[in-house]
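Student: Test case, fold it:
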Amino acid sequence: MRSAAVAGVMMALSLSGATSGAPFSTEVRIDSGALEGAVQDGVLSFKGIPFAAPPVGDLRWRPPQPAPAWTGVRSATSYGHDCMQEPFPSDAAPLGTAPDEDCLVLNVWRPEAQTSSRLPVMVWIYGGGFVNGGSSPAVYDGSQFAKQGVVLVSFNYRVGRFGFFAHPALRKEDPKGLLGNYAYMDQIAALKWVKRNIAAFGGDAGNVTVFGESAGGISVHMLLTSPEAKGLFHKAIIESGGGRSGILPMRHISDDAGGQKSAESIGLAFAKSAGIEGEDRAALAALRKLPAAKLVNGLNMATMQAQGATYAGGPMIDGRLVVEQLDQSYRASRFMKVPLIVGANSADIGFSSAKTMDEVFAPFGPDKDKARAAYDADDTNDVRAVGTKVAMDRMMSEPARYTARTLAAAGAPAYVFRFSYVAESMRAQWNGAPHATEIPYVFDTVAAKYGKDLTPKDAATAHAMNTYWVNFARTGNPNSKGAVTWPAIGARTDAIMDFTNDGPRAGADPWKTRLDVMEAAVSRAGSQP
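Tutor: Below is the predicted model of the structure:
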């Protein structure tokens with residue numbers, strides 16, 4: 001079995017660099033010390049590597065600090081803790097470790113076989129609404145990427161009130177420092193670690209692709225538009241990450257703006273709920289001494305709306321890392337012009353509160369009849385189904401096209417996907433691909449997701465999707481000989497790749513009419529309707 005697996009790795013690597021036949025060393029040295037990894041099925045992995053100091057005690061709500069060096073050889077054979085949170089019972093990617101505040105670690109997978117050239121690097125950013133998620137779930141295992149000749153990196157970032165928190169005492173402590181978006185600071189710190197250390201694993205620091213889903217996709221948008229992330233990556237993939245403003249509150253740190261309370265006002269409200277008053281050092285010291293469980297306070301994807309009075313809602317505008325609303329950055333061409341894949345799922349997430357069909361279509365104004373024809377051509381008058389479809393396009397589908405067209409207009413190659421494939425075991429329950437269901441196909445970890453219910457067709461779809469992602473990481477173009485050609489999108493075109501139940505299909509987007517009417521409504525409103 002082992003020799004067959006190695007042979008498969010060597011065949012995959014023929015596209016990215018010749019193999020020497022000798023195994024890559026299981027011991028590597030990085031800037032903080034030596035590591036010992038583990039080999040399984042032709043893949044060498046290193047897990048639980050600290051990329052920053054534990055953000056505990058006085059380092060709670062500070063930018064990530066350098067990881068302490070160690071002596072000797074550190075074992076890197078098991079995941080570290082995922083970041084502190086209240087796990088979400090129906091999470092599409094259940095955590096594999098117990099959450100803890102000491103969590104700033106990352107993981108690396110690469111092929112066991114040596115190669116004559118540096119390998120492309122992919123860096124994964126998980127989703128979870130910025131309140132859940134971690135790098136340990138089985139569906140995020142990087143082995144299949146490694147078997148195709150990629151160095152895959154995943155990492156943890158702080159979530160919930162650990163990752164996004166503002167308070168006047170923090171600003172007074174460090175008035176010129178980065179504030180509020182500690183989760184994003186962790187992401188940038190991880191990418192800087194990759195730039196410094198990935199060569200030790202055989203990776204090419206000059207060929208790094210960032211990719212993420214949901215909150216991870218939103219994070220990729222941040223990286224594309226943040227001055228703090230320039231030069232840290234070279235390609236980007238966004239899965240169900242929107243692309244316009246409006247998904248999140250995006251509060252300003254200290255100023256009430258747009259009718260919203262500032263993030264500091266929310267932080268003060270949380271402190272008061274924990275029995276802590278004031279804006280001085282004593283208040284901050286008391287906040288840093290709160291037990292981690294008290295900070296979580298039951299916050300997760302199921303409760304985040306209910307906790308809106310004491311949780312800032314995720315990323316905030318800090319003026320340095322997040323300078324402005326996403327729409328503003330894209331309209332003003334303040335973003336990195338890099339090759340991009342972006343898309344969403346056929347039954348993706350969307351929230352509608354409409355109680356009548358008139359309420360569903362009112363935001364379309366003069367185009368409401370056109371919208372009704374596009375979204376309910378069969379006159380079902382199903383308020384819930386049609387409203388959800390409209391909300392999905394508003395939140396995910398149209399913004400993905402908008403992002404791709406924006407980058408294409410700036411001269412960057414851009415490719416749009418729709419994931420419509422439904423596992424054969426789920427087709428009686430789902431009439432489309434729900435949010436996050438593409439992940440095990442991207443990672444080719446469908447066996448971990450579906451177990452005994454996995455079918456050959458499921459496995460083939462996963463291998464095809466994983467291969468397109470790997471091709472893109474190598475060259476900035478997802479295509480390879482023998483596969484269905486994925487056309488790039490233009491500034492006003494509608495070419496997509498749809499991963500359907502009948503295999504990948506490329507061509508004009510069949511949803512063009514409804515996305516056009518949504519785009520018109522967005523343009524009139526100046527933001528999402």
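
Student: Phi first, then psi, for the closest residue to residue 343 other than its chain neighbours.
Tutor: In this structure, residue 343 finds its nearest non-sequential neighbour in residue 417, 3.4 Å apart by CB to CB, 6 or more residues apart in numbering. Bear in mind the C-beta positions are built from the backbone N, C-alpha and C, glycine included. Summarising the backbone geometry of residue 417 under the convention degrees, to the nearest 10, its torsions are phi -120, psi 160.

Student: State the distance from residue 417 to residue 93.
Tutor: In this structure, residue 417 and residue 93 are separated by 20 Å, where distance is defined by CB to CB, to the nearest Å.

Student: And residue 64, by the same measure?
Tutor: Going from residue 64 to residue 93 by CB to CB gives 23 Å.

Student: on that earlier part again, could you give the bridge partners of the residue nearest to residue 343?
Tutor: residue 343, residue 497 (DSSP bridges).

Student: Against residue 498, how distant is it?
Tutor: Using CB to CB, residue 417 is found at 7 Å from residue 498.

Student: do residue 286 as well
Tutor: When CB to CB is applied, the distance between residue 286 and residue 498 equals 54 Å.

Student: which of those two has more neighbours?
Tutor: Each of residue 286 and residue 498 had its neighbours counted (other CB atoms under 10 Å), and the higher figure belongs to residue 498 (21 against 16).

Student: and the more buried one, what does it touch?
Tutor: When contacts are counted by CB atoms under 8 Å, 6 or more residues apart in numbering, residue 498 touches 417, 418, 420, 504, 505, 506.

Student: count of neighbours near the nearest residue to residue 515 once chain neighbours are set aside?
Tutor: Distances taken as CB to CB, 6+ apart put residue 398 closest to residue 515, at 4.9 Å, once the chain neighbours are dropped. Residue 398 sits with 25 neighbouring residues when counted by other CB under 10 Å.

Student: repeat for residue 516
Tutor: Residue 516: 17 neighbours (other CB under 10 Å).

Student: where does it land on pLDDT?
Tutor: The per-residue pLDDT reported for residue 516 equals 98.

Student: From the chain's centroid, how far away is the helix or strand where it lies?
Tutor: When elements are assigned from DSSP states H and E, residue 516 belongs to helix 512-525. Between the mean C-alpha location of helix 512-525 and the chain-wide mean there is a distance of 25 Å, by CA atoms, centre = their mean, to the nearest Å.

Student: Buried residues in it, which are they?
Tutor: 513, 514, 515, 516, 517, 518, 519, 520, 521, 522 (16 or more other CB atoms under 10 Å).

Student: Then stretch 170-182?
Tutor: Within stretch 170-182, the residues that qualify as buried by neighbour count (16+ other CB under 10 Å) are 170, 171, 178, 179, 180, 181, 182.

Student: what distance separates the start and the end of it?
Tutor: In stretch 170-182, first residue to last residue: 12 Å (CA to CA, to the nearest Å).

Student: What average pLDDT does the longest helix along the chain get?
Tutor: Selection of the longest helix in the chain by residue count, based on DSSP state H, yields helix 456-475. Per-residue pLDDT over helix 456-475 has a mean of 98.

Student: With just CA atoms, put that helix into PDB.
Tutor: Backbone C-alpha positions of helix 456-475 (Å, rounded to 0.1, in the frame of the first residue of the first chain) are rendered in PDB as follows:
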ATOM      1  CA  PRO A 456     -17.900   6.600  -6.900                       C
ATOM      2  CA  LYS A 457     -19.700   9.600  -8.500                       C
ATOM      3  CA  ASP A 458     -19.200  11.600  -5.200                       C
ATOM      4  CA  ALA A 459     -15.500  10.700  -5.200                       C
ATOM      5  CA  ALA A 460     -15.000  11.600  -8.900                       C
ATOM      6  CA  THR A 461     -16.500  15.000  -8.300                       C
ATOM      7  CA  ALA A 462     -14.200  15.600  -5.400                       C
ATOM      8  CA  HIS A 463     -11.100  14.600  -7.300                       C
ATOM      9  CA  ALA A 464     -12.100  16.900 -10.200                       C
ATOM     10  CA  MET A 465     -12.800  19.900  -8.000                       C
ATOM     11  CA  ASN A 466      -9.600  19.400  -6.000                       C
ATOM     12  CA  THR A 467      -7.600  19.200  -9.300                       C
ATOM     13  CA  TYR A 468      -9.000  22.500 -10.600                       C
ATOM     14  CA  TRP A 469      -8.000  24.200  -7.300                       C
ATOM     15  CA  VAL A 470      -4.500  22.600  -7.500                       C
ATOM     16  CA  ASN A 471      -4.000  23.700 -11.100                       C
ATOM     17  CA  PHE A 472      -5.000  27.200 -10.200                       C
ATOM     18  CA  ALA A 473      -2.500  27.200  -7.300                       C
ATOM     19  CA  ARG A 474       0.300  26.200  -9.600                       C
ATOM     20  CA  THR A 475      -0.300  28.600 -12.500                       C
END
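
Student: Which strands or helices does that helix pack on?
Tutor: Packed against helix 456-475 by the contact rule (3 or more CB pairs under 8 Å, 6 or more residues apart in numbering; DSSP states H and E) you find strand 119-125, helix 143-147, strand 203-213, strand 235-239, helix 439-442, helix 446-450, strand 495-500, strand 503-508.

Student: quick one, which of these is nearest to residue 483?
Tutor: strand 503-508 (7.5 Å; CB to CB).

Student: and the angle from that closest one to helix 456-475?
Tutor: Strand 503-508 runs at 50 degrees relative to helix 456-475, counting by axes from the mean of the first three to the mean of the last three CA atoms, to 10 degrees.

Student: So in that sheet, which strands flank strand 503-508, and in what orientation?
Tutor: strand 495-500 (antiparallel).

Student: ok now the partner strand, how far from the chain's centre?
Tutor: The mean C-alpha position of strand 495-500 is separated from the chain mean by 20 Å, CA atoms, centre = their mean.

Student: What's the mean pLDDT across it?
Tutor: If you average the per-residue pLDDT over strand 495-500, you get 98.

Student: neighbour-wise, which of the contacts of residue 498 leads?
Tutor: Highest neighbour count within these, by other CB under 10 Å: residue 417, with 27 neighbours.

Student: I'd guessed it sits against residue 489; true?
Tutor: No - with contact taken as CB atoms under 8 Å, residue 417 and residue 489 are classed as non-touching, separated by 10.4 Å.

Student: what is in contact with these two at once?
Tutor: Between them, residue 417 and residue 489 share the contacting residues residue 496, judged by CB under 8 Å, 6+ apart.

Student: Enumerate the positions of the helix or strand containing residue 197 that are buried.
Tutor: Taking DSSP H and E as the criterion, residue 197 maps to helix 182-197. For helix 182-197, the buried set under the neighbour-count rule, 16+ other CB under 10 Å, comprises 182-195, 197.

Student: can you check stretch 84-101 too?
Tutor: Counting neighbours by 16+ other CB under 10 Å, the buried set in stretch 84-101 is 84-88, 91-93, 95-97, 99, 101.

Student: Check stretch 341-358 too.
Tutor: Applying a neighbour-count criterion of 16+ other CB under 10 Å, the buried positions in stretch 341-358 are 341-350, 352, 354, 357.

Student: Mind giving me the packing neighbours of the one helix or strand residue 285 maps to?
Tutor: Secondary structure assignment for residue 285, by DSSP H and E: helix 281-289. Using 3+ CB pairs under 8 Å, 6+ apart as the contact criterion, the secondary-structure elements in contact with helix 281-289 are helix 168-173.

Student: ok, the buried residues of stretch 170-182 vs residue 441, which is closest?
Tutor: After measuring the buried residues of stretch 170-182 against residue 441 - CB to CB - the closest member comes out as residue 181, at 30.4 Å.
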